[in-house]
Structures are given as structure tokens and as C-alpha cells.
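Student: the following comprises the amino acid sequence and a computationally predicted model.
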Amino acid sequence: MERKAMFFICAMLALLSTVAPAKTLVVYYSYTNNCHDIMTTLTSQITADVLRIQPVDKTLKYEANGYALGTQLLNAINAAPNNAASYPAIDPVSITLSDYQTIIIITPLWWSQMAAIMQTYLFNYGSQMAGKNIGLIVSSAHSNINKVVTDCKRLVPNGNYFNKNLWINNSNRSERSSLIQSWLTDINYQHTSSISNVRVSAPSSIYDLNGHILTQEPLKGIFIKDGKKIIK
């Protein structure tokens with residue numbers, strides 16, 4: 001029995017050491033800091049790495065003269081959406097998207113469209129998000145986010161989108177914590193290791209790391225219960 005238990009423990013530990021965790025990346029662009037606040041609230045509720053997208057020229061005032069520059073950038077993209085030259089330049093990023101299974105995008109809305117700066121990032125890297133879980137959170141004053149969703153799906157056409165997007169605007173911004181919590185529940189977000197998808201036939205017993213059966217669950221330490229590694 002002890003030899004069988006030891007074999008089971010060794011097999012489980014080998015599996016745990018080789019299966020990569022299903023990590024989450026939060027990508028955001030923030031001009032007025034509203035999206036930065038959303039990112040801060042979100043990452044207080046989930047475990048995730050964060051990537052902030054920044055334009056190369058940080059002195060530009062997109063809202064000046066009736067949002068003339070922001071409109072100009074969006075018009076350039078709309079005129080030639082498949083041309084890299086249509087998109088404003090952003091700072092280089094060093095994040096490797098292959099390390100992540102879930103990507104949550106937080107972006108402002110500019111004149112009913114996705115902010116041009118975020119569009120640049122997704123144009124450059126959207127193809128690397130194919131097959132990944134994609135969540136979208138949009139911040140606006142009051143405009144509907146339908147066009148932003150369309151922009152996102154154009155730039156990341158092969159993502160596995162969650163069944164609901166989150167819209168945070170001036171009327172509900174103060175409630176963002178509860179809104180984010182409800183959204184995470186609605187999309188059934190779970191930050192778990194992909195080991196959770198593995199099924200192992202094993203007796204319902206508790207073992208220490210030496211393969212010995214324990215009579216009860218320890219109050220602290222590392223042990224194996226029902227085929228899962230538990231750390232207290």
C-alpha cells in the first residue's frame with residue numbers, strides 16, 4: 001500500500017511541476033486615469049500581471065479643440081484599418097502573450113470608438129491572442145460601447161470572448177468595485193491552474209509528501225488530498 005501511495009504522490013508532483021498555470025494579463029490604456037482606477041480595482045480582486053500601454057508622445061492633448069486630434073487619429077484608422085501606418089505610435093512592450101491564457105482589456109471610449117492608442121496595441125499583437133480568453137472593460141462618459149466591442153473583435157478576431165463586457169461610465173463609476181465583482185461572477189472567471197482540468201483516479205485519502213497516509217487533514221504544511229496538492 002505504501003509503495004502504491006508513493007507512486008501516486010510522485011506522479012502527482014511531476015504533473016504539478018510541469019503544467020503551467022493559466023495566468024491572466026490585464027492590458028490597459030488610461031488618459032484621464034479612469035481606466036487606471038478600474039485596473040487597480042480589478043487587480044485587487046484577481047491575481048494578474050498588468051501591462052500599461054503608453055503613446056510615444058505623451059504631451060499630446062487629444063481632447064483639445066473639441067477633440068480634434070483624437071478625431072483625426074480615429075479617422076486615420078477608419079480610412080485604412082489594415083495599414084500599420086494608420087495607427088499612432090506606442091512605447092515598446094516586453095510582455096510575452098504566450099505566457100497567458102486570459103487577457104482582460106481595459107480601454108477608454110473616444111467618440112464611440114476604442115481609443116486609438118489601445119487600437120495600436122491590439123493591431124500589433126491581436127493575432128497573438130488567438131484562442132485566448134478575452135475580457136473587455138470599457139470606460140466612457142455616457143456613450144454606448146457597442147462600437148468599441150466591434151473594434152476589439154476586428155483587431156482580435158480569433159479570441160474566445162467572455163459572454164459579457166463591462167461598461168463603466170460616469171453614472172456608475174463610484175460603484176466600480178461591485179460592478180467588477182458582479183462581472184467576474186457573470187463571466188465565471190476563475191484564476192486557477194490548468195491542473196484543475198486533470199482528473200485522476202485515486203482513493204479519497206490524505207497523504208504527506210513522503211507518501212504516508214494521514215489520519216486527518218493537517219492544520220498547516222503541504223499535503224495531497226483527493227489528488228490535489230494543498231498548501232496551508
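Tutor: Structure received. What you see is a predicted model, and the numbers here were worked out from it, not measured in a lab.
Student: the spatially closest residue to Lys147 that is not a sequence neighbour: what's it in contact with?
Tutor: Once flanking residues are discounted, Lys147 sits nearest to Ser112: 4.6 Å by CB to CB, 6 or more residues apart in numbering. Yep, even glycine has a C-beta here, placed from its N, CA and C like the rest. Going by CB atoms under 8 Å, 6 or more residues apart in numbering, Ser112 touches Ser143, Asn144, Lys147, Val148.
Student: go on, Gln45?
Tutor: Contact analysis of Gln45 by CB under 8 Å, 6+ apart lists Ser177, Ile180, Gln181, Leu184.
Student: same deal with Asp91?
Tutor: By CB under 8 Å, 6+ apart, Asp91 lies in contact with Ile53, Gln54, Pro55, Val56.
Student: can I get these in TSV with secondary structure, neighbour count and pLDDT?
Tutor: Converted to TSV, the contacts of Asp91 look like this (DSSP: H, G, I helix; E, B strand; the rest coil; neighbours: other CB atoms under 10 Å; pLDDT from 0 to 100):
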residue	secondary structure	neighbour count	pLDDT
Ile53	coil	21	97
Gln54	coil	14	96
Pro55	strand	19	96
Val56	coil	12	96
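Student: pull the most distant pair out of those.
Tutor: Ile53 and Val56 (11.0 Å; CB to CB).
Student: find the residues that touch each one of these two.
Tutor: Shared contacts of Ile53 and Val56 (CB under 8 Å, 6+ apart): Ile90, Asp91.
Student: neighbours around Gly66, how many?
Tutor: Residues lying near Gly66 (other CB atoms under 10 Å) number 8.
Student: which of the helices or strands spans it?
Tutor: Gly66 is part of helix 64-79, with elements assigned from DSSP states H and E.
Student: for that helix, output the C-alpha coordinates as CSV.
Tutor: The C-alpha coordinates for helix 64-79 follow below in CSV (Å, rounded to 0.1, in the frame of the first residue of the first chain):
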residue,chain,number,x,y,z
ALA,A,64,-8.1,69.9,-27.3
ASN,A,65,-10.1,72.0,-29.8
GLY,A,66,-13.2,69.8,-29.5
TYR,A,67,-11.2,66.6,-29.5
ALA,A,68,-9.7,67.5,-32.9
LEU,A,69,-6.6,65.3,-32.5
GLY,A,70,-8.4,62.3,-31.1
THR,A,71,-10.9,62.5,-34.0
GLN,A,72,-8.0,62.8,-36.5
LEU,A,73,-6.4,59.7,-35.2
LEU,A,74,-9.6,57.7,-35.3
ASN,A,75,-10.4,58.9,-38.8
ALA,A,76,-6.9,57.7,-40.0
ILE,A,77,-7.6,54.3,-38.6
ASN,A,78,-11.1,54.1,-40.1
ALA,A,79,-9.7,55.1,-43.5
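Student: which residues sit against that helix?
Tutor: Against helix 64-79 from outside (CB under 8 Å, 6+ apart): Leu60, Lys61, Tyr62, Glu63, Ser86, Tyr87, Pro88, Trp110, Trp111, Gln113, Ala116, Gln119.
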